[in-house]
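1. got a predicted model here, sequence first, then my questions.
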Amino acid sequence: MAIVSSFLTYFIEAALLVAVAIAGVFLGKFLRKKKDAKDALGRKDSE
């Protein structure tokens, strides 16, 4: 039973780390798009 408990603990921990990594990727993409849109507006104003 200890083996199953240990396996579940590591599985849950790995799943949480994957979820954090995926959330980081999506957050980074969102922030980059926001920055690019802001920069595009700034360039348009300076022309």
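-> Okay, I see it. Numbering: from 1, shown residues only.

2. name the helix or strand for R32, please.
-> helix 2-46 (DSSP states H and E).

3. low-confidence ranges, the chain, go.
-> For the chain, the stretches with pLDDT under 70 are 45-47.

4. tell me which residues are up against stretch 22-31.
-> Contacts to stretch 22-31, defined as Cβ atoms under 8 Å, 6 or more residues apart in numbering, come from no residue at all. All C-beta spots, glycine's among them, are computed from the backbone N, C-alpha and C.

5. what about that stretch, distance to the chain center?
-> 4 Å (Cα atoms, centre = their mean, to the nearest Å).

6. now that stretch: buried residues?
-> Of all the residues in stretch 22-31, not one is buried under the rule 16 or more other Cβ atoms under 10 Å.

7. distance check, the residue most central in space within the chain against L17.
-> Note on the chain: the residue nearest the mean C-alpha position is G24, at 1.6 Å, using Cα atoms, centre = their mean. Using Cβ to Cβ, to the nearest Å, we find G24 at a distance of 11 Å from L17.

8. K44 now?
-> Taking Cβ to Cβ, one finds K44 at 41 Å from L17.

9. now K29
-> From K29 over to L17 the distance is 19 Å, taken as Cβ to Cβ.

10. same question for D36.
-> Taking Cβ to Cβ, one finds D36 at 29 Å from L17.

11. just M1 next, same as before
-> Taken as Cβ to Cβ, the span from M1 to L17 is 25 Å.

12. tell me which of those two has more neighbours.
-> L17 (10 against 5; other Cβ atoms under 10 Å).

13. contact partners for the more buried one?
-> Contacts of L17 (Cβ under 8 Å, 6+ apart): none.

14. could we number from 203 for the rest of this?
-> Sure, I'll start counting at 203 from here, so that last one is L219.
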